[in-house]
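In: I need the structure of the sequence given here:
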Amino acid sequence: MGYSRGASALGTAPALGEPDGEAISDAVINSDSSLFSRRASAFAGIELMGHEIVELGMRGYQNGAPA
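Out: Numbering: from 1, shown residues only. This is a model prediction of the structure:
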């Protein structure tokens, strides 16, 4: 399950702009601690019988107006 969580979080990270997707491969998951995401989190386990997705975001503002 640890590999699944690591792969999920690192698979999400490039979409968030962290880290570079070129740096991620099967060989680095759960072995290269320099690759991580400050915003992605993943859960895996038999206790999760259904799929739940929670997405949180912040809209950028430019000169006081939504960007």
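In: in the protein, which ranges drop under the pLDDT threshold?
Out: Scanning the chain for pLDDT under 70 picks out 1-2, 44-52, 59-60, 62, 64-67.
In: Which stretches in it count as helices?
Out: Using DSSP state H, the helices of the chain run over residues 2-12.
In: So which residue is dead centre in the chain?
Out: Compute the mean C-alpha point of the chain, and by Cα atoms, centre = their mean the closest residue is Ala40, 3.0 Å away.
In: Could you find the closest non-adjacent residue to that residue?
Out: With Cβ to Cβ, 6 or more residues apart in numbering as the criterion, Ala40 has its nearest non-adjacent residue at 4.0 Å, and that residue is Thr12. C-beta: built from backbone N, CA, C; applies to glycine.
In: any idea how far Arg38 is from Thr12?
Out: Using Cβ to Cβ, to the nearest Å, Arg38 is found at 12 Å from Thr12.
In: Name the residue in these two with the higher neighbour count.
Out: Legend: neighbour count by other Cβ atoms under 10 Å for Arg38 and Thr12, higher for Thr12 (15 against 8).
In: hmm, back to that, residues contacting the residue nearest to Ala40?
Out: Contacts for Thr12 (Cβ atoms under 8 Å, 6 or more residues apart in numbering) come out as 37, 40, 42.
In: and the gap between the nearest residue to the last one once chain neighbours are set aside and Ala27?
Out: Once its chain neighbours are removed from consideration, Ala42 has its nearest residue in Ser8; the separation is 3.5 Å (Cβ to Cβ, 6+ apart). Separation of Ser8 from Ala27 (Cβ to Cβ): 17 Å.
In: likewise Asn63?
Out: As defined by Cβ to Cβ, Asn63 lies at a distance of 45 Å from Ala27.
In: picking up where we left off before, what residues does the residue nearest to the centre of the chain make contact with?
Out: 8-10, 12-13, 16.
In: mind redoing it with 6 Å?
Out: By Cβ atoms under 6 Å, 6 or more residues apart in numbering, the contact set of Ala40 is 9, 12-13.
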